[in-house]
Structure formats: C-alpha cells, structure tokens
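Chemist: just coords:
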C-alpha cells in the first residue's frame, strides 16, 4: 500500500491501469473508471478523506488516466466529505462522451455531502461525435468545490443542479478547434440552486461554428455570483438567464444574480434574459462582439414574449461597456425597473455606414432609468459610428439623466445620425435632464444631424440639456407630437436652427408644445431660432423667455405693411404682441376685422394678423 496517511487514498492502490506513456487509452485494459470509483467508495465508507490522482506511475513514467465510464459520488453511500486532488499536471482523458463525475446529494439537511476537486485536468477526446456528457455533474449537492481544474472539450463542463453553496475558483474551460461535437443547445456551465460562486475562471471557445454552445446558462436560482471571470467567443451566447432550465411547465425564478468584473465576447448575445429574472446586477463588466463578427445585439433584456413586464424586474448595469454590435449595444425590449448607470455604449454599428444604437428601448418596457451613460457615436476617430446614441421606439416612464449622445452618424440622411431618437405612438412619459447631444466628437465634423428627434410620442420633458453644432436642428419635432416641454436648454450653432416644429394633418395636430427659458441664439450660418412650416396643424404652442427667439430679438418692418403676419411667416410662433402704428390700413386678427388702424394686438398660437393695403405705418412683433 502507499505511504500516505490513512486519510489519504491513492487511486494507484485500487488498480490503476494506465501508467505507460504510449498507452493510447483505446482499450478496456486502460479504463481507470473502476480504480477511481474504488478509491471513492472506500474513502466514503471510512469517513471520507483525500483521494490522490498522481501524475507519475509506480514505474516512474508519466502517464494519463484513461476513463470510459462514470465515477459516482453518492450521499446514499455516505455523506462523508471527499476531496479528489491531483498534482497540477494530472490528466484524466475521457474516451467516451458520458459524464466524468456524478455527484448526487440528498434532500435531507443531515446529508451535507461536501465534495471537492483540485489540481487536475479532464480532457474529452475531441474525435467523439455527439458527446452529451458533463465533466462535473453536481445534483442536489452542498459544498461542491472545483479549484484549479482544467476542462477541455466537455459537451457540458459543469452542472450545478439544485445545489447549495457550490463554487468554481481559478478554473479553465476550453474548447479546441478540433472539437467534433455537433449536438445543439449545449451550455458549458449550467447553474440552478443557491449561493453558487464562479470566481477567476476562464471559459474559452475555439471550436468553430458547428456547435450551438452557450458559455453560461442560469436557471431557477438565488444569489449566483460570477466574479472576475472571462467568457470568450461562445457561438450561441455568453450568459443566458432562463428560468426554464431543468424545469417543466412554468419557468422558475432567478433571484439576485451578481456579475462583477466579468468580460464576455460572443458572435451572438453577450447577455440574454428570459422569464423570470429578478434583481440582477452587472457591475463593471465588459461586453464585446467577437472580432470579425457582426452580431445584431450585445445585451438583450426581454421576457421572451410572456407579455408581462413584471417577469423581468430590476436589472442593473453599473459602469459596464458594450461595443461593436451591428444593431444594439443594449436592447431593452420588455421588463420593468431597468437601470443603466454610467458605462460606455459607444462604437456600435458598421464602421463604414453606421446603423447601430448604443442603448435602445424597443418594446413595452417601463420604469427605465439611464443615468450618466456614454452613448456617443465613435469610440475613437471615425470608428464604428452609431446611427443613434439612444433610441426609444416603445415603452413608458423613461428617464435619461446626464447622458452623452454626441457624434452619431457620418454622412447620413433623414433622421439617421441623431443623439436621442424617440419615435412611436406607444412611447410616453420620457424625461430627459442634463443630456449632451453635440454634433461633433473627437475633432470630427458633420457627424450628427439632430440632437433630439421626436415623432408620435407624448409626454416628453427635456430640461437643462445642450444641443450644439448639429448639421441640421438641435431638436426636431416631427408630426404628430403631443406634449413636449423644453426648458433651460442651450441650442448653439446648429446649421439649420434651434428647433423645428412640424405640423400635423387635417384631423390631428402637433399640440401642447412649450419652450421655456432657453438660449436659442445662433452663430455663423445659424438660420432660424424656431421654425414652423405652416399656419395650421398646431394647437397650443408656446415659446416664452427664450433668447434668440422672443423678448431679445423682435422682428421689425419699416416698409409699408400689407398682407398676413404670423409666427410661421416671420419665424415666430405665439404668443406674441403685434404692434402697428402710423398707417391707414385696417387691422384684422385671425379673420376678424378690428376696424382699427393702429394699436397693440395679442396673437395667440395659430392666429394671424393681416393689414389691408394702406398708407405707411410700421409694425413690430414681440414675444410674451
């Protein structure tokens, strides 16, 4: 027997067969399943202990443990704790596609089966086609530990199913270019249970595109933690939160998962949610498309069509980055109480044509808060210029605070190239405070057409924001908009002007537009402070106390006045006071003759003042 203490058990003492370096492991004579199982069973029956997997045989040669069966550690035998430990260079070579270790716990609180694995490698033969096994399969186990384990080409590397307080520390999971598994819907790491910790681990996929493999799938669980780990280039997705994992019928709940310092790259989603996910936090994580790929979306928050926003509740992204996705860096389609704090969502879209969006709200999501996020167009000069910084085409009760949405769109037309884009009759109650939506960034010119574009939405409040240097308008209100309040904003040096208000149609109107206390003073080729393109199609439009439009820059005519005078013809739109004196022409207000030839007259929104041809006189319009 070995010279180890009685609490140590060497698998060589239980009939190890694979100690010649030239052994291919292709025959039953080299199968070490029985010897490893024998050591486990013996240790369990003697109160537990440490099982040694040496890397040097009794003849002094280096060797590999070839395994073609499943080693089972079962609480029904004993709840004694087991540690299976290698030397750091120990290798278990799996020559079939089945599980390597099955760890089966018990639902009894008294059966606290603690099983640890440390310092060895499990390598599946890459020539095995359609392998379905799991290298480490924990089932209803408590205190399962993987420490410094290397796993290669396992269809599923690790499963924590209905477990408690299990962990992986400093482990590596790799898939090589020779991996032949062609099965679908595989996940390298699967987690259900409570208090699972994945810390300082590396998951790396290099197996081509034939396998639909996800790095991590988390099902019904509570307080899973993924910390300081990297998940690279898995073709199906990086991290999927799916309450239906291991469940039949309705999905289970996923409560309180935390991802801190995690790096994910993928040619598909980096993160995808399905029902039911609650209180998930992503803190200082980095998400990026795999180099050479152009997937549509990096982070996808959705309830998988359940129709209930409450199926996704309280998802937080804190100081995270996401870039190089063709359509959306972060897409919020459904859910409630979604919070994005800080971080950078720049550099999405095509480097040549734009088209991407930093953060997009595309569905019925509600209570979305985006605070201090950088959604500028490029991440560096002329690289991955986005079409929109933030796009809102669905949802309600949305807050944008201190966001940066500058420099989107290069040589784009229409509304492409907009800092904050809002479009849709289902969009309501959007509050924008402290936004910066400048035209250029990093010294580039002619990058962004509009600071903010709004169409069809209602209940938009824009306060204390800056819109300067855009190639068209600071804010463009397209028909039909209902309820837009703009206050304390600065519109400086936009090429076409400050604000353009487009009228509605014959049966609908652009209405309830209020501009208060703004600076709309132009510069250089700045054409118009506020423009309206017709005298009808508006209802209750008010612009007051705004430098560059009224109170500071009245329109004065000294020629003989005649014809119609209104906000639309002189780039003003009520309420204003119209003064006329010194002539003989009759004054008519909105079609009603005053019978007066001089005096002051108040013009409300949509009203016009007309003066019949007469001798001499002057007029002035001053905003109230």
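Modeler: Structure's in. What do you need? These numbers were taken from a predicted model, which means no experiment stands behind them. Numbers count the residues shown, from 1 in each chain.
Chemist: same for the strand of greatest length in the chain, what does it pack against?
Modeler: Longest strand of the chain, by residue count under DSSP state E: strand 82-94. Packing contacts for strand 82-94, counted by 3 or more Cβ pairs under 8 Å, 6 or more residues apart in numbering; DSSP states H and E, involve helix 33-45, strand 49-52, strand 65-67, strand 115-124. From N, CA and C alone the C-beta is placed, and that goes for glycine too.
Chemist: give the pairing partners of the very next helix or strand once past it; include direction for each.
Modeler: Where DSSP states H and E defines the elements, the next helix or strand beyond strand 82-94 is strand 101-104. Sheet pairing of strand 101-104 (DSSP bridges) gives strand 71-74 (parallel), strand 134-139 (parallel).
Chemist: worst-scoring helix or strand of the protein, pLDDT-wise?
Modeler: strand 555-557 (a mean of 39; mean pLDDT, DSSP states H and E).
Chemist: what count of nearby residues applies to residue 217?
Modeler: For residue 217, the count of nearby residues is 26 (other Cβ atoms under 10 Å).
Chemist: if you could redo that for residue 130, that was the one I meant.
Modeler: Neighbour count of residue 130, defined by other Cβ under 10 Å: 10.
Chemist: again, but for residue 127
Modeler: Number of residues near residue 127 (other Cβ under 10 Å) recorded here: 11.
Chemist: which residues touch residue 50?
Modeler: Each residue near residue 50 by Cβ atoms under 8 Å, 6 or more residues apart in numbering is listed here: 7, 8, 9, 43, 83, 84, 85.
Chemist: just checking, residue 124 touches residue 97?
Modeler: Yes. The pair residue 124 / residue 97 is scored as a contact, 7.2 Å apart, by Cβ atoms under 8 Å.
Chemist: among those two, which residue is more densely surrounded?
Modeler: Applying other Cβ under 10 Å to residue 124 and residue 97 shows that residue 124 carries more neighbours, namely 28 against 18.
Chemist: if I look at that one, how far off is residue 289?
Modeler: 28 Å (Cβ to Cβ, to the nearest Å).
Chemist: how about residue 449?
Modeler: Remark: distance between residue 449 and residue 289 (Cβ to Cβ) = 26 Å.
Chemist: hey, which of the strands paired with strand 101-104 is tucked in deepest?
Modeler: Ranked by mean neighbour count under mean count of other Cβ atoms under 10 Å, those are led by strand 134-139, which reaches a mean of 25.
Chemist: identify the residues contacting the host helix or strand of residue 337?
Modeler: Residue 337 is located in strand 336-341, with elements delineated by DSSP H and E. Applying Cβ under 8 Å, 6+ apart, the external contacts of strand 336-341 come out as 301, 309-310, 312-319, 330, 332, 359, 365-373.
Chemist: so what's residue 402 up against?
Modeler: Residues in contact with residue 402 (Cβ under 8 Å, 6+ apart) are 371, 372, 433, 434, 435.
Chemist: confirm for me that residue 498 is in contact with residue 543.
Modeler: No. Using Cβ under 8 Å, residue 498 is not in contact with residue 543; the gap is 10.1 Å.
Chemist: three-state assignment of residue 159?
Modeler: Secondary structure, DSSP: H, G, I helix; E, B strand; the rest coil: residue 159 is strand.
Chemist: tell me the pLDDT at it?
Modeler: You'll see residue 159 listed with a pLDDT of 96.
Chemist: hang on, it packs against residue 137?
Modeler: Yes. Between residue 159 and residue 137 there is a contact under Cβ under 8 Å: 4.9 Å.
Chemist: what sits in contact with each of residue 124 and residue 97?
Modeler: Shared contacts of residue 124 and residue 97, defined by Cβ under 8 Å, 6+ apart, comprise 131, 133, 155.
Chemist: and the gap between the first one and residue 84?
Modeler: Remark: distance between residue 131 and residue 84 (Cβ to Cβ) = 22 Å.
Chemist: ditto for the second one
Modeler: Counting by Cβ to Cβ, the separation of residue 133 from residue 84 is 17 Å.
Chemist: ok, back up a step: now, of the contacts of residue 50, which are buried?
Modeler: By neighbour count, with 16 or more other Cβ atoms under 10 Å, the contacts of residue 50 hold 9, 43, 83, 84, 85 as buried.
Chemist: packing partners of the helix or strand residue 541 falls within?
Modeler: In this assignment (DSSP H and E), residue 541 forms part of strand 538-544. Packing partners of strand 538-544 (3+ Cβ pairs under 8 Å, 6+ apart): strand 510-516, strand 528-532.
Chemist: give the contact list for residue 157.
Modeler: By Cβ under 8 Å, 6+ apart, residue 157 lies in contact with 134, 135, 136, 151, 173, 188, 189, 203.
Chemist: which one of the residues you listed is nearest to residue 211?
Modeler: Distance to residue 211, by Cβ to Cβ, is smallest for residue 188 among those, at 10.2 Å.
Chemist: quick check, pLDDT for residue 266.
Modeler: pLDDT recorded at residue 266 is 93.
Chemist: residues contacting it?
Modeler: Contact analysis of residue 266 by Cβ under 8 Å, 6+ apart lists 215, 231, 233, 234, 235, 237, 238, 289, 290, 295.
Chemist: checking my notes, the second one in a strand, right?
Modeler: Just to be clear, that refers to residue 231. Yes. Assessed by three-state DSSP, residue 231 belongs to a strand.
Chemist: low-confidence ranges, the stretch 51-200 of the chain, go.
Modeler: Within the stretch 51-200 of the chain, the stretches with pLDDT under 70 are 56-63, 107-112, 178-185.
Chemist: make that the stretch 301-450 of the chain, sorry
Modeler: Low-confidence segments of the stretch 301-450 of the chain (pLDDT under 70): 350-354, 378-385, 410-415, 441-446.
Chemist: right, I'll call it a day here.
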